[in-house]
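# next one to model:
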Amino acid sequence: KKRKASALQHAKHSNMLKKWVFWLFERVVVPLVQFNFYATDAEGRGHRIFYFRQTFWMRTCENYMKALSTIEGGGPVLEEVKSCDLKQMMSEKTLGIAWLRLLPKGKGMRAISNHSKATAGPLPKLLNAGGFARKPINAALKEVDYVLRHEISAFPGVLGASCFSFPDIYRKLCSFLHEHKASGSGQKLFMVSCDVRKAYDTIDSKHLLSMVDGLLRKDEYDLNKFYTTAACHDNRLVSRMVQTCDAFPPENDNFQEGFLHQNCVLLNKTWTSKVTRATVQEVLKEHLLANLTFAYGSYYRQMVGIPQGSILSTLLCSFYLANLEVNKIFPLLKIRVEDQSALQFHFRHCKGEEKSGTGAGSFLNLDGESGGGGGDGDGDGGW
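Here you go, the predicted model:
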C-alpha cells in the first residue's frame, strides 16, 4: 500500500515542477517561437496575439515599406535616407529618432511610431561618426506641448468639436441631450461612426506650421512645476508632478486649475524654466518637416503629413481639422461659424429626416461632397 505524500513533500514536488515548466518555456518554447515566428497584436482585435512566419513577415514588411516610398504605393510617405546624407541630418538634429513598427490592420498595415524611446548607440559603420544620443522625442516636445495648450486655452472653440477623453464626450453629449429634451422634440437620435481616411498623412505640415505661428502671442514663456499630494481610497499618499505655463496656483488669482485639486497639498518646488517663441517654432518645424524614422534596418525621412505617436499628434490634428470644420463642413451644412457644436447644427439641419435615418446618412456623405480623404493640400485646411 502506497504511503500518502506529506504536505512538505507535495510542496517540494510542486516547486520542482514549476521550475521545470519555467525552464522548458524559457529555454525551449520561447526561443523556438522567436526563431520561427513574429508575434504581434492587430488593430481592432483586442489582446489577441497573431503569429506570422519570420520569412513571410519580413517579406511583407519590406514590400510595405517600399510601397510607402513609391508613388505607385500611395506614397511617397517616407523617403529612405542615403548613408551619405544620414551623417549630416543627424548632426543637425536636436530631436531623437522615432522607431517604427508595422501593425496588421484588416487587409493592410498601419505604421506605428514609437516616440518615447531614447536614441542612443553607435551610428552605422559606413558613417564612421561615433555615437548619437538624444532623449526621447516626446520628452523633448513637452515644453512645446505646454506652450501650445496654454495658447489654445486662450481661444475657446479653436479646436472645434474635438473631444480628447470619455469624460469630455460625456459632458458634451449630456449638454446636447439636455437641450434636446428641453425643446420638447420627439425626434429620434442617430449615432454616426466614421473615420477620416489617412487623417495624419494628408495634413499639410507647412500650412499647419503657419497656423501654429498665429497662436503664439508672446516672445517668451515661463514654465513652472509644482507637485500635488493626495490620499487615495486606501489612505496611501500619491504625489505627481504638474507643469503649467505662465501660472502657479498661489501666485495667480485667476488660476482655475487649482480648484480641481481638492483635498490636495500643492507644493511649489521653485522649478522654473523659460522657452522662447523661436525655440517652439524651431522644434516644431524639425518635428514636422524633418522627422527621422528607423525601421527594419533602414532610416527614413517622413515626406508628408505629421508623425503618429507623438504627444503633439492628436492636438495638432484636432487643431487642423477644426479649421476644416469652419472652412469646409460648416458651409456644406449652412451653419454659422459662431456656433460651437457641429453635431447640434447638423441635428437641426436634418430635421424631418429622423424616421428613416437619412439625416445620419447625409452626414456620412459629407466627405464625398467635399472630395473626402484626398488631402488637396491647398493651404485652407486640406480635406
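# quick check, T279 in a helix?
Yes: secondary structure assignment (DSSP: H, G, I helix; E, B strand; the rest coil) places T279 inside a helix.
# please renumber the chain so that the first residue is 27 from this point on.
In the new count, where the first residue is 27, that last one comes out as T305.
# need the contact list for it.
By CB atoms under 8 Å, 6 or more residues apart in numbering, the contact set of T305 is E169. The C-beta positions use only the backbone N, C-alpha and C, and glycine is treated the same way.
# what about the helices in the stretch 127-276 of the chain?
With DSSP state H, counting those that start in this stretch, the ranges of helices along the stretch 127-276 of the chain come out as 163-166, 168-179, 192-208, 231-241.
# Y247 touches T298, doesn't it?
No: the pair Y247 / T298 is not scored as a contact, 10.9 Å apart, by CB atoms under 8 Å.
# looking at these two, which has the bigger crowd around it?
Here Y247 and T298 are compared on neighbour count by other CB atoms under 10 Å; more neighbours surround Y247, at 21 against 11.
# and the gap between that one and D239?
15 Å (CB to CB, to the nearest Å).
# do L318 as well
Per CB to CB, L318 is found 23 Å from D239.
# those two: who's more crowded?
A side-by-side neighbour count of L318 and D239, using other CB under 10 Å, places L318 first with 21 against 13.
# the more buried one and I123 touch, don't they?
Yes: look at L318 against I123 with CB under 8 Å: they come within range, at 5.1 Å.
# between the two, what contacts are shared?
Here L318 and I123 have Y325 as joint contacts, going by CB under 8 Å, 6+ apart.
# in which helix or strand does V56 reside?
helix 56-62 (DSSP states H and E).
# now stretch 230-248 - C-alpha only, CSV.
Taking only C-alpha atoms (Å, rounded to 0.1, in the frame of the first residue of the first chain), the coordinates of stretch 230-248 have been written out as CSV:
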residue,chain,number,x,y,z
ASP,A,230,-0.3,70.0,-44.9
SER,A,231,2.6,70.4,-42.5
LYS,A,232,3.7,73.7,-43.8
HIS,A,233,0.2,75.2,-43.5
LEU,A,234,-0.1,73.7,-40.1
LEU,A,235,3.1,75.5,-39.0
SER,A,236,1.7,78.8,-40.2
MET,A,237,-1.5,78.2,-38.2
VAL,A,238,0.6,77.5,-35.1
ASP,A,239,2.6,80.6,-35.6
GLY,A,240,-0.6,82.6,-35.4
LEU,A,241,-1.3,81.1,-32.0
LEU,A,242,2.0,82.2,-30.4
ARG,A,243,1.3,85.7,-28.9
LYS,A,244,4.4,86.1,-26.7
ASP,A,245,8.2,86.1,-27.3
GLU,A,246,8.9,84.2,-24.1
TYR,A,247,7.0,81.8,-21.9
ASP,A,248,7.6,80.8,-18.2
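# returning to what we had before: contacts for the helix holding V56 next, please.
By CB under 8 Å, 6+ apart, the residues outside helix 56-62 that reach it are A65, Y77, R79, Q80.
# now swap in stretch 70-87 and tell me
For stretch 70-87, using CB under 8 Å, 6+ apart, the contacting residues are 59, 61-68, 128, 130-132, 135, 322.
# buried ones in that stretch?
If you call a residue buried by 16 or more other CB atoms under 10 Å, then stretch 70-87 has these buried ones: F78, W83, C87.
# ok, the residues you listed vs E169, which is closest?
Within the buried residues of stretch 70-87, proximity to E169 (CB to CB) peaks at C87, which comes in at 34.6 Å.
# ok, and the closest non-adjacent residue to K143?
If you skip the residues right next to it in sequence, K143 has W125 as its closest partner in space, 5.3 Å away by CB to CB, 6 or more residues apart in numbering.
# hang on, that neighbour is in a strand, isn't it?
Yes: if the criterion is three-state DSSP, then W125 is within a strand.
# share the number of residues neighbouring it, please.
17.
# do I have it right that it meets A137?
No: under the criterion of CB under 8 Å, W125 makes no contact with A137, lying 11.1 Å away.
# between the two, which contacts overlap?
Common contacts of W125 and A137 (CB under 8 Å, 6+ apart): A321.
# quick one, grab the pLDDT at G378.
G378 carries a pLDDT value of 37.
# rewinding a little: what about the helices of the stretch 127-276 of the chain, which gets the closest to E308?
Judged by CB to CB, the one of these that comes nearest to E308 is helix 168-179, at 9.8 Å.
# buried residues in that closest one, which are they?
For helix 168-179, a neighbour-count test (16+ other CB under 10 Å) marks E169, V170, D171, Y172, V173, L174, H176, E177, I178 as buried.
# and the helices in the stretch 277-409 of the chain?
Going by DSSP H, counting those that start in this stretch, the stretch 277-409 of the chain shows helices at 303-315, 339-350, 356-359, 368-375, 384-390, 392-395.
# hey, least reliable of the ones you listed by pLDDT?
helix 368-375 (a mean of 38).
# which residues of the stretch 27-176 of the chain score low on pLDDT?
For the stretch 27-176 of the chain, the stretches flagged by pLDDT under 70 are 27-29, 97-101, 146-158.
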